[in-house]
Structures are given as structure tokens and as C-alpha cells.
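A.B. asks: I'd like to go over a predicted model; first the sequence, then the structure.
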Number of protein chains: 4
Amino acid sequence: MASLQKTSARYQQQRQRAIEAAATVFADKGFHGASTQDIASQLGIQQGSLYYYIDSKEAALEEVCLMALRGYVAQMENIIGQTLSLEVKLANTIRAHLGSYREHNEAMKVHNEQRLYLPEQRRNQLKALGSRYRQLLENLFHEAVINGDLHPDLDCHFSARSLIGLCNYWGVMLLRDHKLQLEDISTKCLQQFLYGCTPHRNNS
Amino acid sequence: MASLQKTSARYQQQRQRAIEAAATVFADKGFHGASTQDIASQLGIQQGSLYYYIDSKEAALEEVCLMALRGYVAQMENIIGQTLSLEVKLANTIRAHLGSYREHNEAMKVHNEQRLYLPEQRRNQLKALGSRYRQLLENLFHEAVINGDLHPDLDCHFSARSLIGLCNYWGVMLLRDHKLQLEDISTKCLQQFLYGCTPHRNNS
Amino acid sequence: MASLQKTSARYQQQRQRAIEAAATVFADKGFHGASTQDIASQLGIQQGSLYYYIDSKEAALEEVCLMALRGYVAQMENIIGQTLSLEVKLANTIRAHLGSYREHNEAMKVHNEQRLYLPEQRRNQLKALGSRYRQLLENLFHEAVINGDLHPDLDCHFSARSLIGLCNYWGVMLLRDHKLQLEDISTKCLQQFLYGCTPHRNNS
Amino acid sequence: MASLQKTSARYQQQRQRAIEAAATVFADKGFHGASTQDIASQLGIQQGSLYYYIDSKEAALEEVCLMALRGYVAQMENIIGQTLSLEVKLANTIRAHLGSYREHNEAMKVHNEQRLYLPEQRRNQLKALGSRYRQLLENLFHEAVINGDLHPDLDCHFSARSLIGLCNYWGVMLLRDHKLQLEDISTKCLQQFLYGCTPHRNNS
DNA sequence: CATGAATGAGGATTCATTCAT
DNA sequence: AATGAATGAATCCTCATTCAT
């Protein structure tokens, strides 16, 4: 009859572990392909006990996605806020983006691939965070165009999304193939993104 | 089972429709989130009747993926085989890649997002076709490096995959947002990929 | 629109083949474990076509059982009617019983093992034939007791059923193991049944 | 799955009840004719709940058969091990065999009639137990032949199986007709088996 | 005669969720 | 704080049967 102390540090920590377990399982099997039994097993508890920490499977997916995006956006705000050259800022952004795939228990992958299985209502926060991220990136590009660091005719919206697409692609590759080096891929993504494939003077 | 002659044009056509219906449904709800009832409804037949045309839900996913990749690789082989400049070949490749998202009942999207839910054994053909595609693209890059059309230090493997990642990202966007123009996105992808975002002389 | 000539020799022959196919399949997989597809395959026709020859799966089972019992009882009447010693009559009975397992497409086995899956109503004829067979055998025993050929205290009902049980057991063995010799098993069954296992003078 | 502790007495007892319910239902309707709904109803639980106690319908059949054979073989070993006359040993064997039909929720009947619907792999234990039983019986006969208790030319293998066939036949009859008396049938089976039907001096 | 196509009901199995303890 | 037990709905798939052609 004691009221549940769901604010205790112990509870919060176990809850966090539950979300991470969900992230791992969802990343592997997909939201619908994963069972709450899978998540409980990953955590080392019984299936029924899982519901002490999550409200529903769907809520768990939402938490996983939020966990991924929150860290992601926070890093981005930090990077953008610093006084550094465009190239360095972009390098940091890309490394942060790719790096977050290897941390966070694959929550990033889950966000990218599974978030649309959430009902509209549950995606509100997620959409806001995602927009914020894209906006920060887009603004960075706008300023760079004005500064002359980027091509004057650049479609900043298109470019921001392209960078996201590129990073998401390689992020998943980093998860799938552990031989890939984060630093190496980050550098190449930056090069590819800034200068393309053709011979250019900037690098000569 | 031995003497079933499911080769009539009528049967083959209906079967094709079934695979397309599966593609549509899988693209929307994911493999595990979609039910065979969903597919049957999409086709306008009873759930049980669906099995007259497909062997299992899993087999349907395999067919969807194969349908996507076969067309895709065939186009690629055609494009590569022609005597055209690198830029035109790449432009054609990108347009074909993006275009195939808008045809094929979203089979491309399903291939990209759901194929890993197939058991190993069912992915053999798929893997072969996928490798073939990447290889064709990579070879195109190798030759272009030798010709001097691309940067001499280019990591062709990385670049080929980056192009695929970029196209897949925008392919899904084209599906999601019908206001996007295929031609416009294709051109921008080509520009981004070849020349990056920085100001460059090639295009000036 | 021509009325179906279900009395033609051609039809009757094909119908017979259908019942035999059903017998084979039912013997192997059991009534509920067998599908009409299995039967059609065995016959080399399409599943739908099967219904031209049988009214339902259940009706097919009834036919199979009847086919088995009719032959069985007819042989028995023939054997009993002859003027022969008890021992020879029994030998003939046993050989006929066991032999029918190797002919008749396993219909005997199906009758023994599957007939109870028929609804009461469909078992009427079957019961009559079965009772008739047991009665014939029992009468044979009664007479033999009176003649002094069999033990005066013999429970003829029990003995008749025991003989049936013994023959059914070995009948199935003959189906399962093709190395077993019909003649050999028949002789041993007769010996076992008449004289048991203990040393006796009759055979010395 | 790893940490499930389904070892509580409560669980084991309910599980046992589930297997017995399955035995009853399989005996009545056959393996393929019985539904898991039937078993669950027999147990008084929901269909889905049944799977908390069994892994699959097939596994349930295996358990039923094992349950039957285990008790059966254990009794047989006990009987054979005692120092008693052949006749008494056989009497005990037959009574045990027939008696087990009336206990064990008809598991013996299920074993005899349905075990072949199990896939090869699931029949391994079953085969071993069955062979063991037949072997024990056969050995008993071999010794009796040597002692002169049984006919010197006896085919012990044939006789052992015949006894099994006889007992199985009457075992099923005991299930079907509750008016039959176990003791009566046992005695008659022994008489029939040892001395056959002809007049003999041994018993006079 | 025979078939291809379709149906709809039934069946095994899984699973998110609940809840008493 | 956690679990074992149970539920009932959903889901994939099979199958007996029908019927137009």
C-alpha cells in the first residue's frame, strides 16, 4: 500500500535501463517485430515486471525516440553556439551525429526507422525536436552562404536534409559494421558534403 | 501441388497485383505491422484468397524486394552501358533511382527498410542484386577517377555508398511529400554529390 | 447442360480410384490430418475436381471403410460356408484378414483406426457389417466348442474379438514392414491363437 | 525465457493437468481432430492460457505419449525383476498393461493410435521406451523357453508382439465399454495367450 | 469432365496487457 | 519491487467446399 516512489533514483535508473533495452531490441527487430518479452529478457526481468517501468510498448518507443533526439539536439546547440569556422562546426556536427549511433543503444536508428509507427499524437514532441535540429543546421548554412563560405545559390533546406540523409545512412552502417572507424567516416562525409567528388582546388 | 499450372496470364497478373498491394501496405505499416488482412483488403479479396497468390507473408516481402531491385539493376546496367559523359550517366542514374521510388508501388522503400526482417536464406538473391548495383556504381567511379573526371584520391566505395544513401533519403522524401518534383530533386542531388556545397569554379 | 452420366463405367472406375486414393492418404495421415488436396494429388487431379467423384471428405471416409468391410465380410462368408475343418477355416480366415491389409489400398487400416471419426449416422452400415463379421466368427467358435474342437469353457465372444485384435495388430505390421511375409505371419497367428505359447501335445 | 522459473509445485501440477486434458481430448478426437480449444476447455482455461503450460500441440502429444510409456515401462521392470513363476509374471504384466488404459487419462490409447503423427525427431524417446518394453517381454519369453515353461520352437519376438497387440486391443475395449471388468479380461487374455483355444491338458 | 478461382470458417500460436500477491 | 498466471484479441495460415466456365 506504500505509494510507489517512482521518483527515487533507483527507479529512474532502472527505468532508463528499460528504455535502453527497448532501444536495443527495437533497433534489431523493429517496433512491431519486437515483443515486450524480448525487452524484458534484455533487461533480465520478467515480462510482467516491465510494466512497472513503462506504460506500454508504444510509450517505450516514444521514450526511445525522445532519448535519441534530446541528446542529439543538445549536442547540436552546443556545437552551433561555439565560435568556430564553418568547416569545424560541420565536422563537429557530423562526428556528433555519427557518434550518437554508436552510443545511445541504437536509439537514433530506432528514431529514424520506427518513429512513424507512433500515432500522430505521440509524435508531437518528436517532430518539434526534429524540426529544431534541421532548423539549426539550416541556419548554419544560411549564415555560411551569406559569409561566402558556401555556394551563393545553395538551397539550404535541401543541403541540410542531404547532410542528415548522408549521416543517417553512414550511422546505420557504423552500427552494422563494427570495423568501420567513426573518425574515418566522419572525415569522408565532411569532404564529400563540402566538396563533392570532382577535382577541386580547395584541397589541392 | 505437382500439376498446378499457375502460369495463365490472368493468374500472373493477379499475382503481380498482390505483390504490389503488399508493397504498398509494407511501405506504410512495415512488415511486422502489416497484416495479411491489410494486403487482402488492398487487393479487394478475402484474406484466405490471398494465399492463392502468395506462399506466405514472408515470401511476399521477398517478392516485393526482388521486384524493386530487379528493375533498379536493369536500369542501372542500361545506363552504365551507354557511351555518355560521367555527368550524364550519373544524372541518369540518380533520376532512375529516385524515379523508381515513385513507380513500383513503394517497393524500393520496402526493400530499404524491411529487407533485414527476412531470414538469411531468403536474402540471397537480394544480396546478389544489391551487390551488383553497388559494384556497377563503384566501377563507374573507378573509371572516372582514371579519366580524371573525379578526384584522384576518391574513395570510390565510400562515394558509391554515399550516393546510394543520398538517393534513398530523397527517394523516401519523394514518396512522403508529393509536392517535391522528381526532376528538381534529381538535379540537386547530382550537384550536391559532384560539387558539394562550397563555391566552386567548375560550375561558374 | 447434358445430365451427368454418373453411371458410366468410366465414371465408376474413376470414382473407385478416388476412394482408393483416399484410403492411401487416410492410412498415412489419418482422416483429420489428410487434406482433400492430398487425395487429389494422389489421384493426379485438381482439388476441385475431386468433388466430381466424392460428396465430401467425410463421405469419402465412409466409402473407404465400406470398401474394406464389404470385401472382408464377403470373404468370410465364403470361407465359413465351405466344408472344411476348423483349423483350415481359421487358417483361411486369418490369411484373408491379413491379406486384405496388403490389398485394398490400406482401407482396412483406415477402417480400424479412423472409422470412429465418422458421425454416428454414417456408421450404421459399417456397424452392421462389423457385427456380421464378428458374428460369423463367433458362430464358428460356438460350433467348434460343440464339436469338441475347441475348449468347452471357451468364451466365444472374447475369443472372436481376440482373434480380430491379433489380426488387426499384425495386419498393420504387414503394412508398415514390407519384409514381413504374409504366409509366415498367418501361420504363426493361427498357432498362437489355437495353441498358445505353452508346450502342447497337438503339435508334438 | 532465460530466467523463467517454471518449477513451482503449482506450475508443475497445472502442467500435469494440461497433459492429462490433452490425453483425454486426443483419445477422443485424435490428434488432428482435436483443437487446442478443446484441450483448454477440458482444463477450464482460455485457449491462449494453455500455452503457458505447453509449448505446442505437438509437444503436448509427445508429453502424453511419454507419460503413458514411462509408467508402463516402470511397472514392467518391476514385474520382471521379481522372483515369480512365468504365469504369475505374465498375469501381472497383462493386468498392468490393461490397467494402465483405465488410469493415465487414456494416454496409452493416444500413444498407440496417434504417436505416428509426431515427426521423427519427437519420437526418439518414445521409440527407446517402446523398444525397452518389448525387449523386456521378449527376454522373459526367451528365459521361459529355456526353462521349458514355453514351447521350445516359440518365436519369442512374434509372441511378445502378439501379446502387446492383444493387450492393446482389449485395453481400448476397456476404455470404450465401462461394463468390462479389468480382472476378467486380464485373466482371459492370459488364458488365451498361454493355452490358446483348443482343449488342453495343462488346465484340466 | 475438369479446372481455376474464390471463399469463409477454423485453428495454432503469439502477444500486449492486467493484476493479485 | 517484482512476479507468475491468466486473458482475449489478433494474426498467419490451412482447408473443405462451391461454382462458373
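C.D. replies: Okay, I see it. From a predicted model like this one, the values you see are computed outputs, not experimental measurements. Residues are numbered from 1 along each chain as shown, chains lettered A, B, ... in the order given.
A.B. asks: closest residue of chain A to DNA strand F?
C.D. replies: Relative to DNA strand F, the nearest point of chain A is A:G48 (2.1 Å; Cβ to the nearest atom of the strand). (Glycine included, C-beta is placed from N, CA and C.)
A.B. asks: just to check, A:L174 is in contact with A:L180?
C.D. replies: Yes. A:L174 lies in contact with A:L180 (Cβ atoms under 8 Å); the separation is 5.3 Å.
A.B. asks: more neighbours: those two, which one.
C.D. replies: A:L174 (21 against 14; other Cβ atoms under 10 Å in any protein chain shown).
A.B. asks: spell out the residue ranges of the helices in chain A.
C.D. replies: A:9-29, A:36-43, A:47-50, A:57-81, A:86-102, A:107-114, A:124-147, A:156-176, A:182-195 (DSSP state H).
A.B. asks: looking at those, which is buried most?
C.D. replies: helix A:107-114 (a mean of 25; mean count of other Cβ atoms under 10 Å in any protein chain shown).
A.B. asks: wait, which of the helices of chain A is closest to D:Y11?
C.D. replies: helix A:47-50 (14.9 Å; Cβ to Cβ).
A.B. asks: now do the closest one, average pLDDT.
C.D. replies: The pLDDT scores in helix A:47-50 average 94.
A.B. asks: and for stretch A:136-155?
C.D. replies: 92.
A.B. asks: before we move on, what about stretch A:12-32?
C.D. replies: 95.
A.B. asks: is chain D within reach of that stretch?
C.D. replies: No. Stretch A:12-32 lies out of reach of chain D by Cβ under 8 Å from any Cβ of the partner chain, never closer than 13.6 Å.
A.B. asks: now that stretch - C-alpha only, CSV.
C.D. replies: Taking Å, rounded to 0.1, in the frame of the first residue of the first chain, the C-alpha atoms of stretch A:12-32 are listed here in CSV:
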residue,chain,number,x,y,z
GLN,A,12,14.8,6.3,-12.5
GLN,A,13,17.9,4.4,-13.2
GLN,A,14,16.1,1.1,-13.8
ARG,A,15,13.6,2.9,-16.0
GLN,A,16,16.4,4.3,-18.0
ARG,A,17,17.8,0.8,-18.4
ALA,A,18,14.4,-0.3,-19.6
ILE,A,19,14.3,2.3,-22.3
GLU,A,20,17.8,1.4,-23.4
ALA,A,21,16.8,-2.2,-23.6
ALA,A,22,13.8,-1.3,-25.7
ALA,A,23,16.1,0.7,-28.0
THR,A,24,18.4,-2.3,-28.5
VAL,A,25,15.5,-4.6,-29.2
PHE,A,26,13.6,-2.2,-31.4
ALA,A,27,16.8,-1.5,-33.4
ASP,A,28,17.2,-5.2,-34.0
LYS,A,29,13.7,-6.4,-34.7
GLY,A,30,11.7,-3.3,-35.4
PHE,A,31,8.9,-2.0,-33.3
HIS,A,32,6.3,-4.5,-34.4
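A.B. asks: pull the residues that contact that stretch.
C.D. replies: Here stretch A:12-32 makes contact (Cβ atoms under 8 Å, 6 or more residues apart in numbering or on different chains) with A:34, A:38-39, A:42-43, A:50, A:53-54, A:57, A:60-61, A:63-64, A:67-68, A:104-107, A:109-110, A:113-114, A:117, A:175, B:29-33, B:117.
A.B. asks: can it be said to contact DNA strand F?
C.D. replies: Yes. Using Cβ under 7 Å from any atom of the strand, stretch A:12-32 reaches DNA strand F at A:Q14.
A.B. asks: show me the contacts for the residue most central in space within chain A.
C.D. replies: By Cα atoms, centre = their mean, chain A has its centre lying nearest to A:M108, at 3.6 Å. Taking Cβ under 8 Å, 6+ apart, we find A:M108 in contact with A:68, A:72, A:100-101, A:168, A:171.
A.B. asks: check those residues against chain B, which are close?
C.D. replies: Among the contacts of A:M108, chain B is touched by A:N168 when using Cβ under 8 Å from any Cβ.
A.B. asks: could you dump the contacts of A:M108 to JSON lines with distance to A:D155 and pLDDT?
C.D. replies: Output for the contacts of A:M108, formatted as JSON lines (distance: Cβ to Cβ, whole Å; pLDDT from 0 to 100):
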{"residue": "A:A68", "distance to A:D155": "27", "pLDDT": "91"}
{"residue": "A:Y72", "distance to A:D155": "23", "pLDDT": "87"}
{"residue": "A:S100", "distance to A:D155": "26", "pLDDT": "90"}
{"residue": "A:Y101", "distance to A:D155": "26", "pLDDT": "89"}
{"residue": "A:N168", "distance to A:D155": "19", "pLDDT": "95"}
{"residue": "A:G171", "distance to A:D155": "23", "pLDDT": "94"}
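A.B. asks: distance check, the residue lying closest to the residue nearest to the centre of chain A once chain neighbours are set aside against chain D.
C.D. replies: Sequence neighbours aside, A:A68 is the residue nearest to A:M108 in space, at 4.7 Å (criterion: Cβ to Cβ, 6 or more residues apart in numbering or on different chains). Counting by Cβ to the nearest Cβ, to the nearest Å, the gap from A:A68 to chain D is 28 Å.
A.B. asks: give the contact list for A:A68.
C.D. replies: A:23, A:100, A:104, A:107-108, A:110-111.
A.B. asks: for these, which one is nearest chain B?
C.D. replies: Nearest to chain B among these, counting by Cβ to the nearest Cβ, is A:V110 at 12.5 Å.
A.B. asks: how close does the residue nearest to the closest one when sequence neighbours are not counted sit to chain C?
C.D. replies: In space, and not counting its chain neighbours, A:V110 is closest to A:F26: 4.5 Å by Cβ to Cβ, 6+ apart. Using Cβ to the nearest Cβ, we find A:F26 at a distance of 39 Å from chain C.
A.B. asks: check contacts around A:L116.
C.D. replies: Per Cβ under 8 Å, 6+ apart, neighbours of A:L116: A:R123.
A.B. asks: any idea how far it lies from B:S85?
C.D. replies: Per Cβ to Cβ, to the nearest Å, A:L116 is found 39 Å from B:S85.
A.B. asks: can I get the helices of chain A in JSON lines with distance to B:R161?
C.D. replies: Formatted as JSON lines, those follow (distance: least, Cβ to Cβ, whole Å):
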{"stretch": "helix A:9-29", "distance to B:R161": "20"}
{"stretch": "helix A:36-43", "distance to B:R161": "30"}
{"stretch": "helix A:47-50", "distance to B:R161": "38"}
{"stretch": "helix A:57-81", "distance to B:R161": "23"}
{"stretch": "helix A:86-102", "distance to B:R161": "14"}
{"stretch": "helix A:107-114", "distance to B:R161": "17"}
{"stretch": "helix A:124-147", "distance to B:R161": "22"}
{"stretch": "helix A:156-176", "distance to B:R161": "7"}
{"stretch": "helix A:182-195", "distance to B:R161": "10"}
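A.B. asks: name all residues that make contact with A:M173.
C.D. replies: By Cβ under 8 Å, 6+ apart, the contact set of A:M173 is A:180, A:185, B:161.
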